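Q: sequence below, structure please.
(2 chains)
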There are 2 protein chains.
Amino acid sequence: MFIESLQNKKVKEWCKLKEKKYRDETGLFLIEGDHLILEAEKLQVIKEIISVNKEKKADFYVTKEVMQKISNQKSISESIAICYKLKEEEIGSKVLVLDGIQDPGNLGTILRSAVAFSFDTVILSEDTVDLYNDKTIRATEGMLFKISIIRKNIEETLNKIQKDYEIYITNVKNGENIKKRKRSKKFVLVIGNEGNGVKESTQKFATHFIKIPMNSNCESLNAGVAASILMYEMDSDCDE
Amino acid sequence: MFIESLQNKKVKEWCKLKEKKYRDETGLFLIEGDHLILEAEKLQVIKEIISVNKEKKADFYVTKEVMQKISNQKSISESIAICYKLKEEEIGSKVLVLDGIQDPGNLGTILRSAVAFSFDTVILSEDTVDLYNDKTIRATEGMLFKISIIRKNIEETLNKIQKDYEIYITNVKNGENIKKRKRSKKFVLVIGNEGNGVKESTQKFATHFIKIPMNSNCESLNAGVAASILMYEMDSDCDE
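A: The predicted structure follows:
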């Protein structure tokens, strides 16, 4: 099917997916570019593909003007796909908890690093930014399809699983140097909000407080960087 | 002096500093917010302060409308300062070379981490994004005032200093695991462009190729994250 009208009903539906409200209502989200589409196909989460290039496999072909309207980017991709939101899986053994990350770029960067450092589960607190925000998706570089991501109440979740896991929480003042920490088999690493850190209601579950050693000239690291360094240190595979 | 006209000559001059061309011509740049102004004052690089708040120390007071025009941010700060570009100092002993970083946010994040991990010098290649871009400055969180930053031709510079320094360059395929590397007293760490890595003309100076060990499911890390993990590992102070 070829669509050239910006007023087409389908086009309007696709555009609505830029807003979290409609993504939540429909259970759909939008990805741009061949790399992401390839990863989504492997997981069989694609509902429909839209392309400006008639040589490409797609369910709908559109003009560049229509694509520009649907796209979140200045320089449009040839293809866009509408996907079903990912299924939430069981909690694994190397768990990252994000307790209020607000910046979509930070969330995407952290998910990318989580795959790099062999974490198997990411739990997003209810106040963490939307996983299906286009900036988040772009920053993951396709890695959102390679890790189990769950959105859950953190307090309830930690309460339920705490007896089986060591729980590591950052504390810039009193934390133990992360380089000296010994790893356990099943653990949870908690990363807090960019400005305010980990909530008090979450902190009480800590079995260990940790910190990244750094020069006193610098007060703090970028949240994506801090989370990545901690995951890097906690990835025992990195030692091999 | 109080300015309320958007057409005022001073206002026009300040607005021009959003463009690299005018920053280069005048040797000036603009910072926003009390935190950055405080750091700039310590270095005595402030030419003039502009504020909407008459209780604050400033050379010019302006209306909110004028401030909105000068500012790069949606929610304006109370004060902005025009600064003289930073002096370029000598090359120290813990040197970071950025060989073509393009994203201003990445550059800022990397500078922030460089201070955290006790690097003393950052050398920017001629094709690295402008240090005085407002997004770069914001991402440094004030750290650009706490480290020596030099813009130089990388090939010429490495050619000149190579006999005194070990030169570490990332190579995802053949690099040595960074965790197993021994540190030298004077060293250079080279970080390449987000998409293309370190240029061949720079690679030839490597005394060591290094890499961050990671899961094969993930092809690469965000450039700011990768640079920060490498600096973290090369900071011997982190072991103490």
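Q: could you chop chain A up by domain?
A: A:2-84, A:94-239 (automatic domain parsing).
Q: can you tell me which of those is most buried?
A: With neighbours defined by mean count of other CB atoms under 10 Å in any protein chain shown, none of the domains of chain A is more surrounded on average than domain A:94-239, at a mean of 19. The way it works is simple: take the backbone N, C-alpha and C, and place the C-beta from them, glycine included.
Q: that domain near chain B at all?
A: Yes - using CB under 8 Å from any CB of the partner chain, a contact is recorded between domain A:94-239 and chain B, made by A:105, A:109, A:112-113, A:115-118, A:139, A:141, A:143, A:146, A:177, A:179, A:212-215, A:217-222, A:224-225, A:228-229, A:232, A:235, A:237-239.
Q: picking up where we left off before, how about the domains of chain A in CSV, adding distance to residue B:79 and mean pLDDT?
A: Shown next, in CSV, are these (distance: least, CB to CB, whole Å; pLDDT from 0 to 100):
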stretch, distance to residue B:79, mean pLDDT
domain A:2-84, 32, 94
domain A:94-239, 20, 92
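Q: inside helices: which ones of the residues of domain A:94-239 next to chain B?
A: Secondary structure assignment by DSSP state H places A:105, A:109, A:112, A:113, A:115, A:116, A:139, A:224, A:225, A:228, A:229, A:232 of the residues of domain A:94-239 next to chain B in helices.
Q: show me what contacts the residue nearest to residue A:135 when sequence neighbours are not counted?
A: Leaving out its chain neighbours, the residue that sits closest to residue A:135 by CB to CB, 6 or more residues apart in numbering or on different chains is residue A:104, at 3.8 Å. Taking CB atoms under 8 Å, 6 or more residues apart in numbering or on different chains as the definition of contact, the neighbours of residue A:104 are A:129, A:130, A:133, A:134, A:135, A:136, A:139.
Q: recalculate using a threshold of 10 Å.
A: With contacts defined as CB atoms under 10 Å, 6 or more residues apart in numbering or on different chains, residue A:104 is in contact with A:129, A:130, A:131, A:132, A:133, A:134, A:135, A:136, A:137, A:138, A:139.
Q: do you know the pLDDT at residue A:240?
A: Residue-level confidence at residue A:240 comes out at 46, pLDDT.
Q: now do the same end-to-end measure for stretch A:1-14.
A: The first and final residues of stretch A:1-14 sit 15 Å from each other (CA to CA, to the nearest Å).
Q: what of stretch A:161-181?
A: End residues of stretch A:161-181 are separated by 21 Å (CA to CA).
Q: relative to the whole chain's centre, how far out is that stretch?
A: Put simply, stretch A:161-181 sits 22 Å off its chain's centre (CA atoms, centre = their mean, to the nearest Å).
Q: roughly how far does the residue nearest to residue A:135 sit from residue A:223?
A: Applying CB to CB, to the nearest Å, one obtains 12 Å for the distance of residue A:104 from residue A:223.
Q: same list (the domains of chain A) but as JSON lines, adding distance to residue B:49.
A: Formatted as JSON lines, the entries for the domains of chain A read as follows, by distance: least, CB to CB, whole Å:
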{"stretch": "domain A:2-84", "distance to residue B:49": "35"}
{"stretch": "domain A:94-239", "distance to residue B:49": "23"}
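Q: of those domains, which is nearest residue B:161?
A: Each of the domains of chain A was scored for nearness to residue B:161 using CB to CB, and the closest is domain A:94-239 (23.2 Å).
Q: is it true that residue A:103 touches residue A:222?
A: Yes - using CB atoms under 10 Å, residue A:103 is in contact with residue A:222, at 9.3 Å.
Q: overlap in contacts of these two?
A: Here residue A:103 and residue A:222 have A:109, A:194 as joint contacts, going by CB under 10 Å, 6+ apart.
Q: circling back to that earlier point, tell me the one of the contacts of residue A:104 nearest chain B?
A: Checking the contacts of residue A:104 against chain B with CB to the nearest CB, the nearest one is residue A:139 at 7.2 Å.
Q: re the thing from before, could I get the ones in helices among the residues of domain A:94-239 next to chain B as CSV with distance to residue A:41?
A: Below are these laid out as CSV (distance: CB to CB, whole Å):
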residue, distance to residue A:41
A:105, 25
A:109, 24
A:112, 20
A:113, 24
A:115, 18
A:116, 22
A:139, 21
A:224, 28
A:225, 32
A:228, 28
A:229, 33
A:232, 30
